[in-house]
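**Student:** make a model of this:
(one chain, ligands or ions: 2)
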Amino acid sequence: DIGENASPSFIMVVGGLGYIGSHTVLELLKADYNVLVIDDLSNSYESVLHRIQTLAAEHCAMLNKPMPALQFQQLDYRSPMMRSVLASYSSYSICSKPVAVSTMPFPYSALQRTDSGIDMEPEDTPEQTLQRQSRITGVIHFAAYKSVEESIRMPLKYYMNNVCGMVEFLGLLEEFGIKNFVFSSSATVYGEGANCGAPLREELCVHHHETFIDSDGFERQATPGVMGLTSPYGRSKFMCESILADIARSDASWSITALRYFNPVGCHESGLLGEDPRQKPSNLIPVIATVLTGAKPVLDIFGTDWNTPDGTAVRDFIHVVDLAQGHIAALAASAAGRVKAPFRAYNLGTGRGHTVREVHESLQSTSGRAIPVREVGRRAGDVGFCVAEVQRAETELAWKAQKTLRDCSVDVWNFTKGRCPVPDEMET
Ligand code: NAD
Ligand code: WQD
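**Tutor:** Ligands and ions are numbered 1, 2, ... in the order given. All right, here's what the predicted structure looks like:
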């Protein structure tokens, strides 16, 4: 438990010590939100918490403003202990007659924190109801497993954490009246539809109940379609979005935003936060970093025969700090009533594509190191093109990515160089 100026409301960030979560927690603190982080450290380290704290404290000191609270519970978000955590962030008042949805009649299953710190069941008083008010005003849900390859080998592991975990968690949130939810989705929900070769509009992913304005100007309900999703990981995100859309459709008091990240890259400019997974990396830039550090001899380029300017695949690489700020924009838009539907999906990308070769060249020139490559065949399940249409996020969230591929490379090199051999130890 870090931070002294605990004030009433908190944003709960689940999976908040991971790659995207850690950058988002920092941006939340910079924007004066108090933050409660839940993370089981299955793919992150507790040291990240202290790095976030250091950077946030520096920022607040520079602006001469108080540091918001940063609290942490090391917990699997599927654990029964989550109920007590939520109970400890709730206040209770006795009402003589039933009121709102967040009211639970006695006997009452949730635990109540007493002055002695021991969780107690409130007394049974049949004529009265206990109204609870959560100090958690929004949830950002990052906790998930994310390896496409592992999800193919171990689908149950992925469905249990990413889908079943989220469903149980939503039930708990509903019980506590917490209905402001930001979900980490992915461009993977466009599946093979991404190969259309044009920037992807949100309504192209048609599983849920959004309406959209068709080219003839009429409002239409999106029709379900086959997305060609290529992995259980991708399907888990698609399923989560569908479930969230159903929940919002059934109860318009939810405000749910699904943020579809394109290819998050880069790290905080200080070099203190970055992508530091326990799992072996498989994404392009983390793999390039392992070649730079010498842990891997060569970068395999998967496919040089795509229909793209240089034959390698095109992706929309978005700097993780821009991405983190997209979450703050989503919370602000939801609070200001600018998110028009109780469920709304937004692409978070730059709208610009770069090829794999361009990324390789960018890191090579930024680092001044040779990064050997080997051209190999396409990786199973890959698409040749995946770039965001960004208009919806710009208009409704008032958010736009600012940083370039060059900024990403500079920050990745800053984060990586301390672990790289000095140049004369390297073959160039
Ligand atoms: P990450 O693995 O770095 O972070 C996830 C965090 O959640 C980790 O700290 C992990 O320890 C924690 N976690 C996982 N399961 C948990 C559980 N059951 N209980 C508590 N904590 C748990 O991943 P990331 O790259 O930061 O991704 C965050 C989210 O964004 C994920 O949902 C991921 O699917 C999604 N996403 C990531 C990318 C990407 O390329 N990184 C792209 C699109 C979407
Ligand atoms: C980018 C390009 C590879 C590694 C994945 C998930 C997606 C999302 C982001 C979570 C591709 C090529 C890569 C390498 C290479 N994650 N590449 N050599 O596949 O676009 O998206 O991460 O939601 O769901 O699918 O990202 O970084 O793995 O690959 O040539 O060693 O780089 O073939 O064309 P991808 P990536």
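
**Student:** so who does the residue of the chain found nearest ligand 1 touch?
**Tutor:** Residue nearest to ligand 1 within the chain (CB to the nearest ligand atom): G18, separated by 1.9 Å. Just so you know, the C-beta spots here come from the backbone N, C-alpha and C atoms, and that holds for glycine as well. Going by CB atoms under 8 Å, 6 or more residues apart in numbering, G18 touches 39, 43-44, 142-143, 277.

**Student:** what do you get if the cut-off is 7 Å, keeping everything else the same?
**Tutor:** Neighbouring residues of G18 by CB atoms under 7 Å, 6 or more residues apart in numbering: 43-44, 142.

**Student:** let me have those residues in TSV, extended by pLDDT.
**Tutor:** Listed next are the contacts of G18 as TSV, based on pLDDT from 0 to 100:
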residue	pLDDT
N43	93
S44	93
F142	98
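
**Student:** out of those, who has the most neighbours?
**Tutor:** Among these, the one with the most neighbours (other CB atoms under 10 Å) is F142, at 25 neighbours.

**Student:** any idea how far C420 is from the residue of the chain closest to ligand 1?
**Tutor:** 24 Å (CB to CB, to the nearest Å).

**Student:** just F385 next, same as before
**Tutor:** From F385 to C420 the distance is 32 Å (CB to CB).

**Student:** and the two? Which one has more around it.
**Tutor:** Ranked by neighbour count (other CB under 10 Å), F385 and C420 place F385 first, with 20 against 17.

**Student:** leaving out chain neighbours, which residue sits closest to the more buried one?
**Tutor:** Distances taken as CB to CB, 6 or more residues apart in numbering put V314 closest to F385, at 4.8 Å, once the chain neighbours are dropped.

**Student:** what sits opposite that neighbour in the beta ladder?
**Tutor:** Counting by DSSP bridges, V314 forms beta bridges with T355, F385.

**Student:** can you give me phi and psi for the residue of the chain closest to ligand 1?
**Tutor:** phi -80, psi -170 (degrees, to the nearest 10).

**Student:** pLDDT wise, what is it at?
**Tutor:** Predicted confidence (pLDDT) for G18: 95.

**Student:** do F317 as well
**Tutor:** 98.

**Student:** wait, L397 sits on I328?
**Tutor:** No - with contact defined as CB atoms under 7 Å, L397 does not count as touching I328 (9.5 Å).

**Student:** who has more neighbours out of these two?
**Tutor:** The neighbour count for L397 versus I328, taken as other CB under 10 Å, is higher for L397 (26 against 20).

**Student:** how about the spatially most central residue of the chain, what does it touch?
**Tutor:** Nearest to the geometric centre of the chain sits S184, at 3.7 Å (CA atoms, centre = their mean). By CB under 7 Å, 6+ apart, the contact set of S184 is 20, 141-142, 144, 259, 261.

**Student:** what about it, which helix or strand?
**Tutor:** strand 180-186 (DSSP states H and E).

**Student:** about what we covered before: what about the residue nearest to F385, how many neighbours?
**Tutor:** 23.

**Student:** cool, C205 as well?
**Tutor:** 28.

**Student:** right, and it touches Y190 too?
**Tutor:** Yes - the criterion here is CB under 7 Å, and C205 meets it with Y190 at 5.5 Å.

**Student:** F72 touches V35, doesn't it?
**Tutor:** No - in this structure, F72 is not within contact of V35 by CB under 7 Å, at 9.0 Å.

**Student:** who in the protein is up against ligand 1?
**Tutor:** Contact residues, the chain versus ligand 1 (CB under 6 Å from any ligand atom): 15, 17-21, 38-44, 76-78, 142-144, 146, 161, 165, 184, 186, 261, 264, 277, 283.

**Student:** tell me how far L41 lies from P309.
**Tutor:** Computed as CB to CB, the L41 to P309 distance reads 42 Å.

**Student:** same drill for these two, tell me which one is more crowded.
**Tutor:** L41 (15 against 11).

**Student:** residues contacting that one?
**Tutor:** Contacts for L41 (CB under 7 Å, 6+ apart) come out as 17, 74.

**Student:** report the secondary structure element holding it.
**Tutor:** Here L41, judged by DSSP H and E, is contained in no helix and no strand.

**Student:** so where's the stretch 301-428 of the chain uncertain?
**Tutor:** Counting by pLDDT under 70, the stretch 301-428 of the chain has low-confidence residues at 424-428.

**Student:** just the stretch 151-300 of the chain next, same as before
**Tutor:** Within the stretch 151-300 of the chain, the ranges that satisfy pLDDT under 70 run 206-227.

**Student:** please enumerate the strands of it.
**Tutor:** Assigned by DSSP state E, counting those that start in this stretch, the stretch 151-300 of the chain shows strands spanning 180-186, 211-213, 219-221, 255-261, 263-265, 299-302.

**Student:** can you check what angle separates the first one from strand 255-261?
**Tutor:** On the basis of axes from the mean of the first three to the mean of the last three CA atoms, to 10 degrees, strand 180-186 is oriented at 20 degrees to strand 255-261.

**Student:** and strand 180-186, how far from the chain's centre?
**Tutor:** Its chain's C-alpha centre and that of strand 180-186 lie 7 Å apart, by CA atoms, centre = their mean, to the nearest Å.

**Student:** on that earlier part again, which residues touch the residue nearest to F385?
**Tutor:** Shown in contact with V314 (CB under 7 Å, 6+ apart): 308, 353-355, 384-385, 387.

**Student:** returning to what we had before: now the contacts of G18 in TSV, with secondary structure and distance to ligand 2?
**Tutor:** Converted to TSV, those look like this (DSSP: H, G, I helix; E, B strand; the rest coil; distance: CB to the nearest ligand atom, whole Å):
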residue	secondary structure	distance to ligand 2
N43	coil	13
S44	coil	16
F142	coil	11
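
**Student:** save those residues as CSV, and put in distance to G349 too.
**Tutor:** Output for the contacts of G18, formatted as CSV (distance: CB to CB, whole Å):
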residue, distance to G349
N43, 23
S44, 24
F142, 18
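
**Student:** just give me the closest of the residues you listed to Y89.
**Tutor:** F142 (18.6 Å; CB to CB).
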